[in-house]
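>>> the following block contains a protein sequence and its predicted model.
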Amino acid sequence: MSVTDLPILGMLRTKMQWHQTRQKLLAENVANADTPGFKPRDLAAPRFGRAAEALSQPASALDGGGLARTSPGHIAVGGGDGPAADPRRFKGFEVRPSGNGVNLEEEMMKAGENQGDYALAASLYQKSLETLKIAIGKR
């Protein structure tokens, strides 16, 4: 088994490839912002299985110690479409008279977020390789 065959490195490579492909699609959406009848496209996020889902859960969700709404008078826990909803997750839909559905502001926000996420995955990949080099005594 090669060092680069480790599951964490494979997941990070997949994530970086996904971000590269998504960036191409977002750039295509922006390039076709004036094309009549063009519908914007996006990629679904990759799924890595149960182990990765457990890592993405907050600690309170894993141990069952999260906040609970025990009375209708209590403020609801964030999530959903309420006032505590994340505005970046809004799925607005705007179609111009030409039939084009590209919202430039939304596409540019997605592109910036995608770039930051790619940089994070690349940094994690690099740090993982450096850690492996230290562990095997090559550094």
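In hand now; what should we look at?
>>> for the longest helix seen in the chain, what does the pLDDT average out to?
Of all segments of type helix in the chain, defined using DSSP state H, the longest is helix 104-136. The average pLDDT within helix 104-136 is 94.
>>> name the helices or strands packed onto it?
In terms of contacts (3 or more CB pairs under 8 Å, 6 or more residues apart in numbering; DSSP states H and E), helix 104-136 is packed against helix 7-31. In this view, the C-beta of every residue, glycine as well, is placed from N, C-alpha and C.
>>> sorry, back to before: buried sites along the longest helix of the chain?
By neighbour count with 16 or more other CB atoms under 10 Å, helix 104-136 contains the buried residues 106, 107, 110, 111, 114, 117, 118, 121, 124, 125, 132.
>>> what about residue 94, helix or strand, and which?
Remark: residue 94 resides in no helix or strand, with elements defined by DSSP states H and E.
>>> hang on, the earlier thing: now the longest helix of the chain against helix 7-31, angle please.
160 degrees (axes from the mean of the first three to the mean of the last three CA atoms, to 10 degrees).
>>> output the buried residues of helix 104-136 in JSON lines; the columns should cover distance to residue 48.
What follows is the buried residues of helix 104-136, written out as JSON lines (distance: CB to CB, whole Å):
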{"residue": "106", "distance to residue 48": "26"}
{"residue": "107", "distance to residue 48": "26"}
{"residue": "110", "distance to residue 48": "21"}
{"residue": "111", "distance to residue 48": "23"}
{"residue": "114", "distance to residue 48": "18"}
{"residue": "117", "distance to residue 48": "14"}
{"residue": "118", "distance to residue 48": "16"}
{"residue": "121", "distance to residue 48": "12"}
{"residue": "124", "distance to residue 48": "14"}
{"residue": "125", "distance to residue 48": "15"}
{"residue": "132", "distance to residue 48": "20"}
